[in-house]
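Asks: This is a predicted model, with the sequence first.
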Amino acid sequence: MTRPAPASYRTWRSSRARTEETRALDPTKRLAHRSAASLPQFTTSAHRLDPVLGGALMKLRTLIFWPHLIAGVSAGAVILLMSVTGVLLTYERQMIAWADSDFRSVVPSSGAERLPVETVLERFRQQRSVVPTAITIGSATDAPVTLTVPQQTLYADAYTGNLLGEGSEGVRPFMTELRAWHRWLAVDGEGRPVARAITGWSNFIFLFIVVSGVYLWFPRTWMWRQVKPVVVFNGKLRGKARDFNWHNVIGSWSAVILFIVVLGAMPISFPWANALVYRLVGEEPPAPAGGRRAPVARTGAAASVRGGGRSDEAQPPTGLDSGARNRFDGLNTLWARAERQVPGWRTINLRIPTSATAPVVFAIDKGNGGQPQLRSTLTLDRSTRDILSYEDFSDQSLGRQLRSILRFAHTGEVLGIGGQTLAGFASAGGAVLVWTGLALAIRRFRAWLKRRAGYAVPQEQSTSAESGFTVQN
């Protein structure tokens, strides 16, 4: 029969393990080692929680903590990748615009007029022997004309029609590659749907981590002594205590923005989440398109930056044809009508009609390309020049408005450069949260292994003592 280790040794060993663990923790974490009856108060009043309620809350925290930990460990690598690439994509529009800033129109004289749209398109067709799929013109006097063909974005002088060159061959492909890693782990071919599912469900898990983390962070006592360690950095801490401090502080300051950023990605990742946005406001979701549609409302910076000339979107025929001139006829008058429709416009984008009789659709933008509340769409009849439809943000249904806002809340662009900055900081915070969370999980696992090894030593010593031998470590 195996005799257990002496009670004094077991007591000393257990007490020492608890002391070492408690010293490594942040002061607020030490509260978890107290009994339920001595749980601190939720308010600054002198009344303490009922022991039964305190015990129930402790059990609830435990029930939430372990799924929080398991979710972080299981999806941490993908979440870290998406967070890092999200940081690098924060100022994508501005970086590509900066890389292409050398392409400017030369204003010949004060008050000079730009070439008519039909003339610019015809000169481009003559120089490149191809009909562009889209044209974008900015309101700035020195803004170049942006012309899109499959796989390319080209710039032309607005006053001469001469080609200035192709968009950045360094920054633009780099951003495209980053987006591929961010969206589908840069997987091509048949494996892309699986990769999309991995990033989508990792994003869903991240949403759970953010929400559950808010509950776990919530201070048990709203007193500065208890709140400070989870909202203020402590540069004196090292090891586990430092990771715990960083995890809580960064989480407290970035949780709200992270929630919005991660939530905004859900309709992008899942059709059911996209449909849910409409159903939550009592609308029927739009019928899924038969294929990937080219976004008509992509204007200005959106056309030249986010699209990048990539043609994973549907493109109309671009070869020379006998009706090319007819496709341009009447665009001058229609373009002038679009300029008058929205005073203060910054960019106007036109998808070149596929025939001489097709309606002409203008996407007019008063913002930076990522602000749906500043976009509008004008559709004109080619022959009569009459307005077939005009729709700005206020004309859209609540479901469409909410869906558009969520899409650009994911990147922060809905609030301009300030929103982009906030989203970038939140993404950086997400990366640190994953890093510190994994570090804490690894330390917890190592401590568990040490405890198991420690409990095995007395058992081995007692067994050896009964046999007349002493085991020395």
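Replies: Ah, there it is.
Asks: quick one: Asp157 and Ser110, what's the gap?
Replies: Asp157 sits 17 Å away from Ser110, going by CB to CB, to the nearest Å. Bear in mind the C-beta positions are built from the backbone N, C-alpha and C, glycine included.
Asks: hang on, Val361 packs against Asp381?
Replies: No. Judged on CB atoms under 8 Å, Val361 makes no contact with Asp381 at a distance of 11.2 Å.
Asks: These two - which one has more neighbours?
Replies: Val361 (18 against 13; other CB atoms under 10 Å).
Asks: So what does the more buried one look like in phi/psi?
Replies: As for Val361, its main-chain torsions (degrees, to the nearest 10) stand at phi -110, psi 120.
Asks: and it, bridged to which residues?
Replies: Thr379 (DSSP bridges).
Asks: ok, now which ones touch it?
Replies: With contacts defined as CB atoms under 8 Å, 6 or more residues apart in numbering, the neighbours of Val361 are Val296, Leu350, Arg351, Thr377, Leu378, Thr379.
Asks: what about the fourth one, neighbour count?
Replies: If I follow you right, that is Thr377. As a burial measure, Thr377 scores 18 neighbours (other CB under 10 Å).
Asks: A strand includes it, no?
Replies: Yes. Thr377 forms part of a strand when assessed by DSSP: H, G, I helix; E, B strand; the rest coil.
Asks: So which residue is smack in the middle of the chain?
Replies: Residue closest to the average C-alpha location in the chain (CA atoms, centre = their mean): His410, at 4.5 Å.
Asks: Quick check: that one touching Phe259?
Replies: No. Taking contacts as CB under 8 Å, His410 lies outside contact range of Phe259: 11.5 Å.
Asks: okay if I get the contacts of Val361 as a markdown table plus pLDDT?
Replies: Below are the contacts of Val361 laid out as a markdown table (pLDDT from 0 to 100):
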| residue | pLDDT |
| --- | --- |
| Val296 | 39 |
| Leu350 | 97 |
| Arg351 | 94 |
| Thr377 | 97 |
| Leu378 | 98 |
| Thr379 | 97 |
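Asks: Check the residues you listed and tell me the two furthest apart.
Replies: Comparing every pair within those by CB to CB identifies Arg351 and Leu378 as the most remote, at 12.4 Å.
Asks: Tell me how many other residues surround Leu115.
Replies: As a burial measure, Leu115 scores 19 neighbours (other CB under 10 Å).
Asks: circling back to that earlier point, which one of Asp157 and Ser110 has more residues nearby?
Replies: Comparing Asp157 with Ser110 by other CB under 10 Å, the one with more neighbours is Asp157, at 22 against 6.
Asks: what helices or strands is the longest helix anywhere in the chain leaning on?
Replies: Criterion DSSP state H: the longest helix present in the chain is helix 416-467. Here helix 416-467 touches helix 7-24, helix 51-88, helix 239-269, going by 3 or more CB pairs under 8 Å, 6 or more residues apart in numbering; DSSP states H and E.
Asks: quick one: the last one to helix 51-88, angle?
Replies: It refers to helix 239-269. Between helix 239-269 and helix 51-88, the angle comes out at 70 degrees (axes from the mean of the first three to the mean of the last three CA atoms, to 10 degrees).
Asks: May I see the buried residues of helix 239-269?
Replies: Residues of helix 239-269 classed as buried: 240-252, 254-255, 257-269 (neighbour count, 16 or more other CB atoms under 10 Å).
Asks: And for the second one?
Replies: Within helix 51-88, the residues that count as buried by 16+ other CB under 10 Å are 54, 58, 61, 64, 68-69, 71-72, 75-76, 78-88.
Asks: Do I have it right that Arg172 meets Ile96?
Replies: Yes. Using CB under 8 Å, Arg172 makes contact with Ile96 at a distance of 5.7 Å.
Asks: wait, what's in contact with the closest residue to Arg279 other than its chain neighbours?
Replies: Leaving aside its sequence neighbours, Arg279 sits nearest to Pro285 (CB to CB, 6 or more residues apart in numbering; 6.7 Å). Contacts for Pro285 were tallied using CB under 8 Å, 6+ apart; they are Asn274, Ala275, Val277, Tyr278, Arg279, Gly399.
Asks: filter the residues you listed to the buried ones?
Replies: For these, a neighbour count by 16+ other CB under 10 Å gives the buried set as Asn274, Ala275, Val277, Tyr278, Gly399.
Asks: which one among the residues you listed gets closest to Arg452?
Replies: Asn274 (47.5 Å).
Asks: relative to helix 239-269, how tilted is the helix or strand containing the closest one?
Replies: In this assignment (DSSP states H and E), Asn274 forms part of helix 271-280. For helix 271-280 against helix 239-269, the angle between stretch directions is 70 degrees (the same axes, to 10 degrees).
Asks: Just give me the neighbour total for the closest residue to Val277 other than its chain neighbours.
Replies: Counting by CB to CB, 6+ apart, Val277 lies nearest to Arg403, which is 5.0 Å off, once chain neighbours are set aside. Arg403 has 21 neighbours, counted by other CB under 10 Å.
Asks: ok, now which ones touch the residue nearest to Val145 when sequence neighbours are not counted?
Replies: Leaving aside its sequence neighbours, Val145 sits nearest to Ala156 (CB to CB, 6+ apart; 4.5 Å). By CB under 8 Å, 6+ apart, Ala156 lies in contact with Val120, Arg123, Phe124, Pro144, Val145, Leu147, Asn162, Leu163, Leu164.
Asks: same deal with Ile387?
Replies: Counting by CB under 8 Å, 6+ apart, Ile387 touches Leu378, Thr379, Leu380, Asp381.
Asks: looking at the residues you listed, which has the most residues close by?
Replies: Most neighbours among the contacts of Ile387, by other CB under 10 Å: Leu380, with 24 neighbours.
Asks: What spatial separation is found between it and Phe362?
Replies: Per CB to CB, Leu380 is found 7 Å from Phe362.
Asks: which residues of the stretch 151-300 of the chain fall in strands?
Replies: Along the stretch 151-300 of the chain, counting by DSSP state E, counting those that start in this stretch, strands occupy 152-156, 163-166.
Asks: Check the stretch 301-450 of the chain too.
Replies: Using DSSP E, counting those that start in this stretch, strands in the stretch 301-450 of the chain cover 347-351, 360-365, 375-380, 387-392.
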